[in-house]
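J.: The sequence and its predicted three-dimensional model are supplied below.
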Amino acid sequence: MGMFDKLFGDAVRAIENAAADAAADAAANAVKDQFNKDVTNAAAKAGIDPATIETSQPVQNSVLTAEPTESGFSWGEEMPAEENQYNFSGTYRDYFEMIFREDFADLSVAKEIPEKFPRRTTYRLSRGGAVALVVELLPDTSSTKKLRNECASQGIPYVRFYYDHDGWWNTRAYVVDRIRKALG
């Protein structure tokens, strides 16, 4: 090892790692942006309003074989027999809102769908007028951290769920457990 490497080696490696991370983030964002453009263009060609694509019918997962698994087990090749967002008779938003109503009736719920990001949904669960938890539903192509960071800086618990990740079922027990843990 030379003197330069001894003095600046860690700093150089840190800069190289940061540059690699930035390049990976830029590539992921470019892919996500292209995907969103492709979806919007395909919807327009089919005469469908892109903002209604995800809410017009439930998201379908590629593997829909109902096999019994451990309760609360929310991921895997086969859909669990337990209630989950894919065997629910509504949209993924309807599914989560039903859970909020039935399992967290003591909390008031405010829903936000950003105009610029209609595939993202934010729920603010409040108790006594104070936000107790923020739940964000995202497509699995999303890598946003802005809301999570805002919540952390304000001391508000935050939970995110991906509604279209292949093999991820969002079973009711899993969703309820994560929300309860976040609420404390």
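T.: On my side now, so go ahead.
J.: Could I get the buried residue list for the helix or strand hosting Arg93?
T.: Assessed by DSSP states H and E, Arg93 sits inside helix 92-103. Across helix 92-103, burial judged by 16 or more other Cβ atoms under 10 Å covers Tyr92, Arg93, Tyr95, Phe96, Glu97, Ile99, Phe100. In this view, the C-beta of every residue, glycine as well, is placed from N, C-alpha and C.
J.: got the CA positions of the longest strand along the chain in PDB?
T.: Using DSSP state E, we find that the single longest strand of the chain is strand 130-138. C-alpha atoms of strand 130-138 as PDB (Å, rounded to 0.1, in the frame of the first residue of the first chain):
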ATOM      1  CA  ALA A 130     -53.200  13.600  15.700                       C
ATOM      2  CA  VAL A 131     -51.700  11.400  13.000                       C
ATOM      3  CA  ALA A 132     -50.800   8.100  14.600                       C
ATOM      4  CA  LEU A 133     -49.600   6.300  11.400                       C
ATOM      5  CA  VAL A 134     -49.000   6.800   7.700                       C
ATOM      6  CA  VAL A 135     -49.600   3.900   5.400                       C
ATOM      7  CA  GLU A 136     -48.400   4.100   1.900                       C
ATOM      8  CA  LEU A 137     -49.500   1.700  -0.900                       C
ATOM      9  CA  LEU A 138     -47.000   1.600  -3.800                       C
END
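J.: per the record, what domains does this protein have?
T.: The chain is divided into the following domains under automatic domain parsing: 1-53, 57-183.
J.: weakest of those in terms of mean pLDDT?
T.: Of all the domains of the chain, domain 1-53 carries the lowest average pLDDT, namely a mean of 57.
J.: one step back: quick one: contacts of the helix holding Arg93?
T.: By Cβ atoms under 8 Å, 6 or more residues apart in numbering, the surrounding residues in contact with helix 92-103 are 54-55, 58-59, 85, 88, 90, 107, 109, 111, 121, 123, 125, 135, 137, 161, 163-164, 170, 172, 175-176, 179.
J.: Pull up the pairing partners for the helix or strand that it is followed by, direction included.
T.: Per DSSP H and E, helix 92-103 leads on to strand 108-112 as the next helix or strand towards the C-terminus. Partner strands for strand 108-112, per DSSP bridges, with pairing direction: strand 121-127 (antiparallel).
J.: can you pull the buried residues of the strand it pairs with?
T.: Using 16+ other Cβ under 10 Å as the test for burial, strand 121-127 gives Thr121, Thr122, Tyr123, Arg124, Leu125.
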